[in-house]
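Asks: following is a predicted model, sequence given first.
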Amino acid sequence: MFSRSSEYVSLFIDDNLKRGIKGKTEAEVDVVLEKAIVLIRYLQDRDLFQTYYQRHLARRLLHGKSESHDVEKQIISRMKQELGQQFTSKFEGMFRDLVTSSELTTGYRDHISQVGDGSKTIDLNINVLTTNYWPPEVMGRSTQIGEGSRVSCTYPPEVQRLQASFEQFYLTNRNGRKLTWIGTTGSSDVKCTFPAIPGKSGPLSRERKYEINVPTFAMVVLLLFNDLGEGESLSFEEIQAKTNISTPDLMRTLTAIAVAPKSRVLIKEPAGKSIKVGDKFSFNASFQSKTIRIKAPIINAVSKVEDTAERKSTEDKNNQTRAHIVDAAIVRIMKSRKELQHSQLISEVLTQLVGRFRPEVSLIKKRIEDLIAREYLERPDEDGTPSLYRYVA
């Protein structure tokens, strides 16, 4: 089977759930879902599909790209029937997080109004995500290309006050919980005022006000320019020193607000389509738009279809997980059977894992040797030939 089948089946579902089902009848949607399930049945590497689906689902939910949460839940329900509860448990957990987050947002707003702190000028919508349900790159733990932790950011004082207020509300009745703010997954609506420019005609001759939806890190960067005088600029290094945003994330952030044509509210020097360390940025007083509300693009750390390096990273991480799964299968089998011939153990491991993936025999052999070294198994034969294995209690 085509080596990228798992990724492409997930992308097929992703495209349909973002826009493909728009305007379709219930019967037509049902046909799309059935086609998806048929494709999943033919996949050998279902664990790899699970990884891609979790990532694509997270993007749809957090970026508001899903056409229908009801249809999302329908296909998850069908996957559950086809592949079991364990396969879909993280997907279901992601939806539970969204329901909880909506309730928390409402509760926090009620709390603010009751304590008389309703004069806040920043309206906060919260997504509290459970670490184990969401993909690592969403949770800021890592990305596909090995950047390490991406949660660090020095937020503006007004945002820090809002964070502290919510944390106090959230943690009051939740002992032992810890909140980590992840700026890579959220967005902000920023109200920008652009002054009239003397000597200009048309829109530039008068003051212009826009509301721009930007990634959270872009909001942090834009607020730095409130303190600058006319004509002043900040270098890439100065912005990074003030915000503590990682270099790759800051490059993506500045691309959204200094390169993207419809949201170029900063001017980059020298001009160009890529952000480089050493570039300087200033407020674009000549910015204008045909619409009052503007949405800056989301520049993802990982492309929609993975390139060779990204795919290798995904597969390497998946292979690490597979090693643990094979270990667990071998131990379960040997704990039950006590002794098994080499060929029998290989056969039983393949049978037990057929619903998730088909491990190479070489991987099973390698995991057996590792379990022998860790004294989970032993070879009763004195010559050490791989004919019989015994479970070590």
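Replies: Yep, that arrived.
Asks: pull the strand or helix carrying S10 out as CSV, backbone CA atoms only.
Replies: Assessed by DSSP states H and E, S10 sits inside helix 5-15. Output in CSV follows, covering the C-alpha atoms of helix 5-15 (Å, rounded to 0.1, in the frame of the first residue of the first chain):
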residue,chain,number,x,y,z
SER,A,5,-1.9,6.4,2.9
SER,A,6,-2.5,7.1,6.6
GLU,A,7,-1.7,10.8,6.2
TYR,A,8,-3.8,11.2,3.0
VAL,A,9,-6.9,9.4,4.4
SER,A,10,-6.8,11.8,7.4
LEU,A,11,-6.4,14.7,4.9
PHE,A,12,-9.4,13.4,2.9
ILE,A,13,-11.5,13.5,6.0
ASP,A,14,-10.0,16.9,7.1
ASP,A,15,-10.9,18.5,3.7
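Asks: who are the packing partners of the next helix or strand after it?
Replies: Scanning forward in sequence from helix 5-15 by DSSP H and E, the next helix or strand is helix 26-41. Packing partners of helix 26-41 (3 or more C-beta pairs under 8 Å, 6 or more residues apart in numbering; DSSP states H and E): helix 5-15, helix 69-83. For glycine as for every other residue, the C-beta is placed from the backbone atoms N, C-alpha and C.
Asks: can you tell me the average pLDDT over the helix holding S10?
Replies: Averaged across helix 5-15, pLDDT comes to 93.
Asks: could you pull out the strands in the stretch 251-393 of the chain for me?
Replies: Ranges of strands in the stretch 251-393 of the chain, per DSSP state E, counting those that start in this stretch, are 266-269, 280-283, 293-295, 339-341, 377-378, 388-391.
Asks: who are the packing partners of the fifth one?
Replies: Applying 3+ C-beta pairs under 8 Å, 6+ apart, we find strand 377-378 packed against helix 361-373, strand 388-391.
Asks: make it 10 Å
Replies: When contacts are defined as 3 or more C-beta pairs under 10 Å, 6 or more residues apart in numbering; DSSP states H and E, strand 377-378 packs onto helix 308-337, helix 361-373, strand 388-391.
Asks: would you mark the buried spots in the last one?
Replies: When you say that, I think you mean strand 388-391. For strand 388-391, the neighbour count (16 or more other C-beta atoms under 10 Å) marks Y389, Y391 as buried.
Asks: likewise for stretch 268-284?
Replies: Neighbour-count burial for stretch 268-284, counted by 16+ other C-beta under 10 Å, picks out K268, I275, D279, K280, F281, S282, F283, N284.
Asks: got it, and stretch 153-169?
Replies: Neighbour-count burial for stretch 153-169 [16+ other C-beta under 10 Å]: C153, Y155, P156, V159, L162, S165, F166, F169.
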